[in-house]
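[1] Build me a model from this:
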Amino acid sequence: MSRLWPFTLRGTGALVLAVTSFVVARQAGIPELMYFGTLLVALLAGSAVVLLLTRGAGEVTRAVSPDVPEVGARAEVVVRAGLRSALPASAGRWSDVVPAGLAGRARGSFPAAAAVELRYDVVGAARGIHSLGPLEVTTTDPFGVLRRRLRLGRPTPVTVAPAVIDLAALPSASGEAGGTRQTAALQLGQGADNLVARPYAPGDSMRRIHWRATAHRDMLMVRQEEQESSPAATVVLDRAVSRWSPAAALAPASDPAFETAVSACVSVLARLVHEGYTVDVVDSDGTLLVDPVEGGDDVEARAAAAMFATLTARPDDESRRVLPASAAALLGPLVVVTGSLTPDDRAGLGSTAPRSSLAVLLAVAEHTELDALRHAGWRASTLRPRGDIAESWDAAMEQGYARVDR
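    Model (predicted):
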């Protein structure tokens, strides 16, 4: 039956039977059929009145947990509906409109109650902000001849973040640059950076007494040096549209290659933060894409992925750089996620890798020549659109081991 047709199969049969009764009663002169047809019409009219008095307006709220699901991750949706009705409500069916950016089965039996709680699961299918709902409730009259469909509440926006893939740990060689945030109090003469004074403790050498601080504080103070290590890393996501499909600049989830690049970017961010690096994520033009994430803050790294939910490619700037100009001064780990590279792009990257303690390049393309970049010191790997990000990352890391072995 059409969604606009208010009668059920039973109701359609009753309507046809009523019309037939009137026609036959008039032509054959059988008054009993006229009474029978009138009874059927009264039944349909009474059912319509009952439906109008039940399942009136209502309020609908939704809660999504987690509130920002990732692509490929499952989230639970809890729908709470409060209905206002002049008569006791009857049972029915419900369905929630699920957008293309989410996947799930949102339908079931609607209980005969004024307040209900419904639950279902969805899976993030595409990055972006998607509208979940409205809630549609379908009820029938007690005789099952008429149906009524109500749309309750407003759609709820749901942000779907790019998928964060678990990546392998950095090679041990990169740890020489200081891969763990630490603040260590060292004894004098052990290479400390800042001279500080602290109260005397039993066992301290008398040669370490800080006489000026002792006189100033009026208590015995000793010298101590504090060494601070706050390693930094940079992730570059090249958003220049010339390296992607033109669709990448229109809307999220429009270009498979760009979607893979965004997922790779947030995955690398999560790995570097877990390793203890404070990470900046920048565009190839130098624009900061998200606030710096402190080393060791894995929760914040995951939260930062939500900031990439609506990210798209941008028009090229005049320089057409793959790396921002500030990259020349970077000494910590540098990870570049880009698309198809031209010979000029590769030539511009060749002089940057030696300055970084760990230079990684992931080129999201069907095929890109990267041998020259590898010889220049980059751990370069090709990543196919919709390809395995973890596998491409492993391939880049293994290149570094090969150079060390040789």
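[2] Which helix in this protein has the most residues?
    Counting by DSSP state H, the longest helix found in the chain is helix 31-53.
[3] hey, C-alpha coordinates of that helix in PDB?
    Listed next in PDB are the C-alpha coordinates belonging to helix 31-53 (Å, rounded to 0.1, in the frame of the first residue of the first chain):
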ATOM      1  CA  PRO A  31     -32.300  -2.300   1.500                       C
ATOM      2  CA  GLU A  32     -30.300  -4.700   3.800                       C
ATOM      3  CA  LEU A  33     -27.200  -4.000   1.700                       C
ATOM      4  CA  MET A  34     -27.800  -0.300   2.100                       C
ATOM      5  CA  TYR A  35     -27.800  -0.800   5.900                       C
ATOM      6  CA  PHE A  36     -24.700  -3.000   5.700                       C
ATOM      7  CA  GLY A  37     -22.800  -0.400   3.600                       C
ATOM      8  CA  THR A  38     -23.800   2.300   6.100                       C
ATOM      9  CA  LEU A  39     -22.500   0.300   8.900                       C
ATOM     10  CA  LEU A  40     -19.100  -0.200   7.200                       C
ATOM     11  CA  VAL A  41     -18.900   3.600   6.500                       C
ATOM     12  CA  ALA A  42     -19.700   4.300  10.200                       C
ATOM     13  CA  LEU A  43     -17.000   1.900  11.200                       C
ATOM     14  CA  LEU A  44     -14.400   3.600   9.000                       C
ATOM     15  CA  ALA A  45     -15.500   7.100  10.300                       C
ATOM     16  CA  GLY A  46     -15.300   6.000  13.900                       C
ATOM     17  CA  SER A  47     -11.900   4.500  13.400                       C
ATOM     18  CA  ALA A  48     -10.700   7.800  11.900                       C
ATOM     19  CA  VAL A  49     -12.000   9.700  15.000                       C
ATOM     20  CA  VAL A  50     -10.200   7.300  17.300                       C
ATOM     21  CA  LEU A  51      -6.900   7.800  15.400                       C
ATOM     22  CA  LEU A  52      -7.300  11.600  15.500                       C
ATOM     23  CA  LEU A  53      -7.700  11.500  19.300                       C
END
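[4] Show residues contacting that helix.
    Surrounding helix 31-53, the residues in contact under the criterion CB atoms under 8 Å, 6 or more residues apart in numbering are 6-7, 11, 14-15, 17-22, 24-26, 85-87, 139-143, 145-148. Placement of C-beta: from N, CA and C, glycine included.
[5] Buried only: go through these for me.
    Buried by 16 or more other CB atoms under 10 Å: 6-7, 11, 14-15, 18, 21-22, 25, 139-141, 145-148, out of these.
[6] mind checking how far Leu341 is from Ala309?
    Relative to Ala309, Leu341 is positioned 27 Å away (CB to CB, to the nearest Å).
[7] Repeat that for Pro134.
    Taken as CB to CB, the span from Pro134 to Ala309 is 22 Å.
[8] When those two are compared, which one has more neighbours?
    Using other CB atoms under 10 Å as the criterion, Pro134 and Ala309 rank with Ala309 on top: 22 against 16.
[9] wait, what's in contact with the more buried one?
    Contacts for Ala309 (CB under 8 Å, 6+ apart) come out as Val68, Arg127, Gly128, Ile129, Thr159, Val160, Ala161, Pro162, Pro252.
[10] swap in Val236?
    281-284, 322-324, 327, 334-338.
[11] partner residues bridging the nearest residue to Val236 once chain neighbours are set aside?
    If the residues on either side of it in the chain are set aside, Val236 comes closest to Val336, at 4.6 Å by CB to CB, 6 or more residues apart in numbering. Taking DSSP bridges as the rule, Val336 bridges to Val236, Leu361.
[12] Neighbours of Val336, how many?
    By the criterion of other CB under 10 Å, Val336 has 26 neighbours.
[13] Surely it touches Leu323?
    Yes - using CB atoms under 8 Å, Val336 is in contact with Leu323, at 6.6 Å.
[14] Quick check: neighbours shared by those two?
    The contact sets of Val336 and Leu323 overlap at Val236, Leu349 (CB under 8 Å, 6+ apart).
[15] how close does Pro231 get to Glu318?
    The gap separating Pro231 from Glu318 is 33 Å, by CB to CB.
[16] let me fix that: Val293
    30 Å.
[17] quick one: least confident helix or strand in the chain?
    Lowest by mean pLDDT, DSSP states H and E among the helices and strands of the chain is strand 182-186, with a mean of 35.
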